[in-house]
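J.: Predicted structure and sequence below. I'll ask about it afterward.
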Amino acid sequence: MPFTESQVVLRLRGIRKSYAAPVLRDVDLDIAAGQVHALIGANGAGKSTLSRIISGLASPDAGTMVLSGEAYAPRNKAGAESRGVHIVQQELNLVPTLSVAENLFLNRLPHRCGVLRRRELRDRACGALAMVGLAGTVDPDTPVSQLGVGHQQLVEIAAALSHDCRVLILDEPTAALTDPQIDLLFEHLRRLRAAGVAILYISHRMDELRRIVDHATILRDGDVVCTAPMNHLTAEEIVRQLTGKEIQRESHHCARQRGEIALQVDRLSRDGVLHDVSFEVREGEIFGIAGLVGSGRTELLRAIFGADVADRGGVHLGGAAEGVRFREPRHAVKAGLAMIPEDRRQHGLLMPQPVLSNVTLGNLRRFASWWGRIRARRERDSAQHFCRAMDVHYQGLDQRADQLSGGNQQKVVIARWLLRDSRVYLFDEPTRGIDVSAKATVYHLLNELAGQGKAVVFVSSEMRELLEICDRIGVMSAGRMTAVFRRGEWNQEKILHAALSGYSR
Amino acid sequence: MAGSSTKSRLHFASLILLALGWVAILGCRTRSESPAEKQAEKTAERPRIALIMKSLANEFFSTMAEGAKRHQAEHSGQYELIVNGIKDEVDVTRQVSLVEEMVAQEVNAIVIAPADSKILVPVLKRAQAAGIVVVNIDNKLDSEVLAKNDTRVPFVGPDNRAGARKVGEYLARQLKKGDKVAILEGLRTAFNGQQRRLGFEDAMKGAGMEIVASQSAEWEMAKANAIASAMLSEHPDLKALLCSNDSMALGAVAAVKTAGRAGAVAVVGFDNISAVQTAVKDGSIAATADQHGDKLAVFGIEYALKIIQEKSSPEDKETPVDLITAETFKEASKAPSK
Amino acid sequence: MSAPREHRESSEPMRASRGGGYRRVAGEYAGLVIVLIAMVCLFGMSSRHFIRVQTFATIANQIPALTIIAVGMTFVLVIAGIDLSVGSVMALSASLLGMAMVDWGWPVWPAAAFAVLVGLCCGLANGFVSVWFSMPSFIVTLGMLEIARGCSYLSTNSETKYIGEAIEGIGAPLAGIGLSPAFFIAVGIVIAGQFLLSRTVFGRQVIAIGTNEQAVRLSGINPVPGKIIVFAMAGLLAGLGGVFQASRLSSADPNAGIGLELAAIASVVIGGTSLMGGRGSVISSFLGVWIIAVLQTGLAQVGATEPTKRVITGIVIVVAVIVDAYRQRLGNWRRPLRS
């Protein structure tokens, strides 16, 4: 290990954690006082899990942690904070109805016999806000909900900074910040570093890492693959370490006849989320979309489908000259689009309802008489047919959807859209959290749809599966489509470069 | 399957709860029945009389019902009594249902204090058609609607108009001619409410008072309090509030106190419920009328029994109404000491 | 991969219509029917005069208004809404019915149609306001509760309007049968409601909206018309309830239906419809109405005191809701099937 014994504040040994699959395997990590330590990794490499374990939000399955020479096993976030370990998470954890000052000192409001001491609170809040450069711009008494996302992020950082901390974890702190705000944050981090605080810094942004980070640890699939001083690592080296060896297996891809343009997306924009995204998909083509979490992939599909309304640009369907922006999903459905949403529990399934009504939702008219009576036999036969086609494992059409496994639930959602017979299918992370055999079914289906001349858009966080089955891959980065590769042109390094490129300013 | 057995266990549990509730009711009932009465039930078929009251949450009616139960306990050999009420004054529909249910149970007589003077008429006519003796107490059925339905229901009870006039005249003696007064009416749909208002008006007009406001507080204390407060601030020179029942009078007294005009504004009520007796004694309520509420139901029941026995043609029967003032209580307390 | 096995017996909220349906349907209602029969037996044991045809005919003629309002309420609860205004809307349409017949001299049928229309308008207003302004239906219908009650007092000048024989036809028992036309209409509406909820596109969409509105929207269905129609239906049925009520009382009572919304919600919930939406049955609501009505009548016949009545009614409602909650939890206990 590169640090001397006296420098190490936090020492992790053999940390192991698995949810459905192993997420961290025997991770060792040393974090030194007075250093900014970067944690780098692709989606699902285990960065967030590791930071959650250190900050007490999750507990490891195995392994030990030592903080300043004493055993450290926080039960929860408060336990970690009492030992001086603080985290600023990506998602905001502020109480929107309370004021900035109250949020800053939520768990230690100054009071006398339970009565809030407003003046003291205000003074302390001003001090905390000064640390992130908001002293003049934000009044500590404004409710948090009235602040923009950037300011909220800064308030959250200020809350962490205002503690006496020994270890500070920052998970993508700059995602919503402007350049001057970032400069200010870095200035403060340098001060903390000088004061001997150990900082664990998680970010995708190469240029930022270069500016502030002393030491970097690279995670891949739950393993530490490299740990070295930052100035020893080149950008190429980092990407090489992130990807590991190239996977050559392409068994799922089949050659297909490509037809006319089925879907053309033309400079689609949604303020703050999507910026001038353009691409086209042909009939019989599988178009993959890669990108980091939060790069705008889900937002892109939702904007195409009309689940969110785009601000500018539009989509052309079937080579139409006129572009449209759908205002409601039902308009998109009418035009021949289908979307399998990312969050199947929230947005896809009727959880406590039987499989039958989950499959036929949206197509009921097909089985109904003119006045709306459902012809039960037709409905059941048809639902059964498509469930068989999707190889759904269930006890019967009357079984409740929430009693199915994740993979079978996903198949039910897909079966719903097969019943509808659309021209363009948008799949948002259809393989997330499902088992291997269900994944194989999904891959098979994507190929089959393309083989029937449908256009398929396939978003995934798993690079491997994109490489295996797509004809082309577009890469999203910070709300932009930064590159489109053809099969044969791509390799993992190029795609990762493109996925990171949007974040450099 | 584990699920279905748990489910049936739950149904079973709810049944047990139901049964427990049952035991509770039966417990309440048997305690009120004497052994002698049970004996009587076996030997002779006594006439069954249903007493259908208005809200038993209102003390006036619960006193009336208590009086009837006491009377039945004393004369348990003569008749059987079923007492029912409704949850509040305006639940007329339920009262209609109660009449129908009692008809279905084939009681011999129904003694009823109607919550509405019109709505009850058709259902009572149907009860009569089923051969049941119907006696009207407390709130007189609307004569026009009775006529339209071509039916007669004997009314046993006080003349509310005359009673209210008595109270009004007593009040008038304490006021000056031309003083401003206001009336708090009962439910406008109720006949006795209308009668009491008319009685108050008779007395006030006769004595030359000016009635500046007359609103319904629907028999309720809280509403009366709100309306009286509004009247007091609207008319700063108001001298008296005439309330169509005692609950409303108590609400009005509170409003007068809150307005800081105790002593300057006189309040009168009607019914002489026990809660107003202290108020009458200390003078915060000037007068009320006693229509012998505890006996009203008994009068009705006795009259019903008489009709059953004699098969007589039913006529209205008036019961006494007495004026109650602070002096009444003084005399009452003197009387035994003499 | 194995072929899907044919469905075994299970207790889904949404009934499939085919294949061994009778046993499952019987299972669905068995609990309520047992409770009902048990209540009748208990009342029969404690009152000599309870178990006879006339008692049940009396109850049947009492419940049409509550029944059809409970039908409307079932749909509203299934979309995870609530309608507190039904009692007031019923009083308003009854009052306007009375006004039309007494003051304007209208014949009975146009006046009844007018009353139903008034109810429909109130329901439409509830639906439009709550959907367009995305306000919770609790608040919107609470407003309507006051508005409709106020209008009914205004239109009748707070006085009961006696209408007389002209209106009695619907609510009075038919000679020889002992049951009123209103009861038959109500039973017809219950059957139609159950059919609508379980066998039609509309019903399926209503259940889907109550389960997961987002999923419905993302599968290309517009949830807005469904929601508005459900509130409109509840209003329309409350209006018809007003007609039944006026007919039974031969009068228009502006005080009618105070607290009726709670009785309707209680019946529907006793029937197992979930307040969280997505699950419900009209027939079960009808059984719930019977349970409440038998309870009320039985307690009156044994002469239970008013406080006892309220305590027992309260216990029955709470027990029913506990059973409902357990039934839902049972569903969640079942492990997902992994193959």
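T.: All right, it came through fine.

J.: Using PDB, write down the CA coordinates of the helix or strand containing B:R126.
T.: For B:R126, the enclosing helix or strand under DSSP states H and E is helix B:120-129. C-alpha atoms of helix B:120-129 as PDB (Å, rounded to 0.1, in the frame of the first residue of the first chain):
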ATOM      1  CA  LEU B 120     -94.300  10.700   8.700                       C
ATOM      2  CA  VAL B 121     -97.900  11.000   7.600                       C
ATOM      3  CA  PRO B 122     -98.000   8.400   4.800                       C
ATOM      4  CA  VAL B 123     -96.100   5.700   6.700                       C
ATOM      5  CA  LEU B 124     -98.300   6.200   9.700                       C
ATOM      6  CA  LYS B 125    -101.400   5.900   7.500                       C
ATOM      7  CA  ARG B 126    -100.000   2.600   6.300                       C
ATOM      8  CA  ALA B 127     -99.500   1.500   9.900                       C
ATOM      9  CA  GLN B 128    -103.100   2.300  10.700                       C
ATOM     10  CA  ALA B 129    -104.100   0.300   7.600                       C
END
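
J.: hang on, C:A166 packs against C:V108?
T.: Yes. In this structure C:A166 lies within contact range of C:V108 using CB atoms under 8 Å: 5.3 Å. (Glycine included, C-beta is placed from N, CA and C.)

J.: the more surrounded of the two?
T.: C:V108 (19 against 14; other CB atoms under 10 Å in any protein chain shown).

J.: OK, contacts around B:M53?
T.: B:F61, B:M64, B:A65, B:V83, B:N84, B:G85, B:I86, B:A113, B:A297 (CB atoms under 8 Å, 6 or more residues apart in numbering or on different chains).

J.: give me the residue from chain A nearest chain C.
T.: With CB to the nearest CB, the shortest gap between chain A and chain C falls at A:G396, namely 2.3 Å.

J.: number of nearby residues for that residue?
T.: 21.

J.: so is A:R267 in a helix, a strand, or just coil?
T.: Following DSSP: H, G, I helix; E, B strand; the rest coil, the label given to A:R267 is strand.

J.: what residues are up against A:D223?
T.: When contacts are counted by CB under 8 Å, 6+ apart, A:D223 touches A:R25, A:D26, A:V27.

J.: shared neighbours of C:A166 and C:V108, which are they?
T.: C:M101.

J.: Show the contacting residues for A:A307.
T.: A:P329, A:M339, A:P341, C:R217, C:L218.

J.: CSV please, covering those residues and showing neighbour count and pLDDT.
T.: Formatted as CSV, those follow (neighbours: other CB atoms under 10 Å in any protein chain shown; pLDDT from 0 to 100):
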residue, neighbour count, pLDDT
A:P329, 25, 93
A:M339, 28, 94
A:P341, 26, 92
C:R217, 19, 92
C:L218, 25, 92
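
J.: circling back to that earlier point, return the two entries of the contacts of B:M53 that lie farthest from one another.
T.: B:I86 and B:A297 (15.2 Å; CB to CB).

J.: Between these two, tell me which one has more neighbours.
T.: A side-by-side neighbour count of B:I86 and B:A297, using other CB under 10 Å, places B:A297 first with 30 against 24.

J.: Quick check: the more buried one vs chain A, distance?
T.: The spacing between B:A297 and chain A, counted by CB to the nearest CB, to the nearest Å, is 54 Å.

J.: Show the model's pLDDT score for that residue.
T.: If you check B:A297, the pLDDT there is 89.

J.: Check B:T288 too.
T.: B:T288 is given a pLDDT of 93.

J.: That one - that's part of a strand, no?
T.: Yes. Residue assignment for B:T288, taken from three-state DSSP, places it within a strand.

J.: which parts of stretch A:90-108 are buried?
T.: By 16 or more other CB atoms under 10 Å in any protein chain shown, the buried positions in stretch A:90-108 come out as A:Q90, A:L94, A:S99, A:V100, A:A101, A:E102, A:N103, A:L104, A:F105.

J.: Touching, the third one and A:V144? I think so.
T.: By that I understand A:S99. Yes. Using CB under 8 Å, A:S99 makes contact with A:V144 at a distance of 7.1 Å.

J.: just to revisit the earlier point, could you name the specific helix or strand carrying the residue of chain A closest to chain C?
T.: Per DSSP H and E, there is no helix or strand for A:G396.

J.: Phi, psi for it please.
T.: phi 160, psi 170 (degrees, to the nearest 10).

J.: neighbours of whatever residue of the stretch 201-339 of chain C ends up closest to chain B, just the number please.
T.: In the stretch 201-339 of chain C, the residue that lies nearest chain B is C:N255 (3.8 Å; CB to the nearest CB). If you count neighbours by other CB under 10 Å, C:N255 ends up with 25.

J.: Show me the shaky parts of the chain.
T.: With no chain named, the answer covers chain A. A:1-6, A:20-21, A:43-44, A:91, A:244-253, A:504-505 (pLDDT under 70).

J.: Chain B is the one I meant
T.: Low-confidence segments of chain B, defined by pLDDT under 70: B:1-44, B:334-338.

J.: pretty sure A:L300 contacts A:I289?
T.: Yes. Between A:L300 and A:I289 there is a contact under CB under 8 Å: 7.1 Å.

J.: intersection of neighbour lists for those two?
T.: Contacts common to A:L300 and A:I289, judged by CB under 8 Å, 6+ apart, are A:M476.

J.: ok, C:S281 touching C:Q194?
T.: Yes. With contact defined as CB under 8 Å, C:S281 and C:Q194 form a contacting pair (6.8 Å).

J.: how about the helices of chain C, start to end?
T.: Along chain C, counting by DSSP state H, helices occupy C:21-46, C:53-62, C:64-78, C:86-98, C:108-132, C:137-156, C:181-199, C:201-211, C:213-218, C:223-249, C:260-270, C:282-301, C:306-333.

J.: Just the CA coordinates for the second one, please, in CSV.
T.: It refers to helix C:53-62. This file holds the C-alpha atoms of helix C:53-62, laid out as CSV (Å, rounded to 0.1, in the frame of the first residue of the first chain):
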residue,chain,number,x,y,z
VAL,C,53,-91.1,-12.3,5.2
GLN,C,54,-92.4,-9.0,6.1
THR,C,55,-89.3,-8.0,8.0
PHE,C,56,-87.1,-8.6,5.0
ALA,C,57,-89.6,-7.0,2.6
THR,C,58,-89.4,-3.9,4.9
ILE,C,59,-85.7,-3.9,4.7
ALA,C,60,-85.7,-4.4,1.0
ASN,C,61,-87.9,-1.4,0.6
GLN,C,62,-85.7,0.7,2.8
